[in-house]
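Novice: Quick check, what structure comes out for this input:
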Amino acid sequence: MARKEIVRALVEDQGRLWSEEIGARIDADTPDEWFHWLLGALLMSARISATQATQAAGALKVEELNTVQGLLESDRDQRIRVLNENGYARFDNRGADQIMAAAERVSDAYDGDLRRLRAEGGDAAGIRARLKAFDGIGEVGAEIFAREAQLVWDEVFPTADDHALEEARALGLPDRPEDLAQIAGGRERYVRLIAGLTRAWLDGPTDRVKEAAA
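Specialist: Predicted coordinates:
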């Protein structure tokens, strides 16, 4: 078993970021992209499959409801319809209210720019605390957001939740974020490794990952 081969297989086979999946370019480090990813983390926090949640978050972009301004100008029926038709039917009413509340909070508390949340948070704990102030984002949602925000935000690097670390142990990799970051081979590869481990925990590892870990 070669750790480098396991890492390579995870990154290449299962390392797609959920922010990429919903169409949020967080590497651009702009207010609209960060807000879209916040919506993604919020929707993924519900007791629903990641596939359904990402479908809904991606649909918000198609309907131009992925920005603070777009949501503030929307009506509730429109938000419910988009969520209902895109995998979020069980939580469409609640989700419609939560994404509007998120837009209002980002507008009022951070002048429409989540990078202000980063600056005010100061460190990982402060950032997570401010994320958890959003309706619908608890500990899980804050971890989901931070898991990919660490691509750009140094304060939350290295982040890995319990599920990713559990899968790392199962595959024979280190189960500490610092150690995983060391073998990943760079910041982006680390973030993709954590995404790969999380997807492997959710869906099972690919055959190539299994072979590398055998």
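
Novice: and this protein, what are its domains?
Specialist: Per the record, the chain has its domains at 3-17+159-213, 22-150, by automatic domain parsing.

Novice: measure the nearest residue to Leu131 once chain neighbours are set aside to Asp207 for me?
Specialist: Across the structure, with Cβ to Cβ, 6 or more residues apart in numbering as the measure, the residue nearest Leu131 apart from its sequence neighbours is Ala142 (4.2 Å). In this view, the C-beta of every residue, glycine as well, is placed from N, C-alpha and C. Separation of Ala142 from Asp207 (Cβ to Cβ, to the nearest Å): 33 Å.

Novice: sorry, back to before: next, format the domains of the chain as CSV and append mean pLDDT and mean neighbour count.
Specialist: Formatted as CSV, the domains of the chain follow (pLDDT from 0 to 100; neighbours: other Cβ atoms under 10 Å):
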stretch, mean pLDDT, mean neighbour count
domain 3-17+159-213, 96, 19
domain 22-150, 96, 19
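
Novice: quick one on the thing from earlier: and the residue nearest to Leu131, helix, strand or coil?
Specialist: helix (DSSP: H, G, I helix; E, B strand; the rest coil).

Novice: hmm, who's touching the longest helix anywhere in the chain?
Specialist: When the chain is parsed with DSSP state H, its longest helix is helix 92-110. Counting contacts by Cβ atoms under 8 Å, 6 or more residues apart in numbering, the residues outside helix 92-110 that touch it are 35, 38-39, 42-43, 46, 56, 60, 65, 68, 71-72, 74, 76, 79-80, 83-84, 88, 112-114, 116-117, 120, 133-136.

Novice: In strands, which of those residues appear?
Specialist: Of the positions in these, not one sits in strands, assigned by DSSP state E.

Novice: Give me the distance from stretch 8-25 to the chain's centre.
Specialist: A distance of 11 Å separates the C-alpha centroid of stretch 8-25 from that of its chain, computed with Cα atoms, centre = their mean, to the nearest Å.

Novice: And stretch 34-43, by the same measure?
Specialist: Relative to where its chain is centred, stretch 34-43 has its mean C-alpha point 7 Å off (Cα atoms, centre = their mean).

Novice: What of stretch 37-46?
Specialist: The gap between where stretch 37-46 is centred and where its chain is centred comes out at 7 Å by Cα atoms, centre = their mean.

Novice: Contacts for that stretch, please.
Specialist: By Cβ under 8 Å, 6+ apart, the surrounding residues in contact with stretch 37-46 are 18-19, 22, 24, 26, 50, 53-54, 56-57, 60, 66, 88, 90-91, 94-95, 98-99, 102, 106, 114, 131, 134, 136-138, 140-142, 144-145, 148-149.
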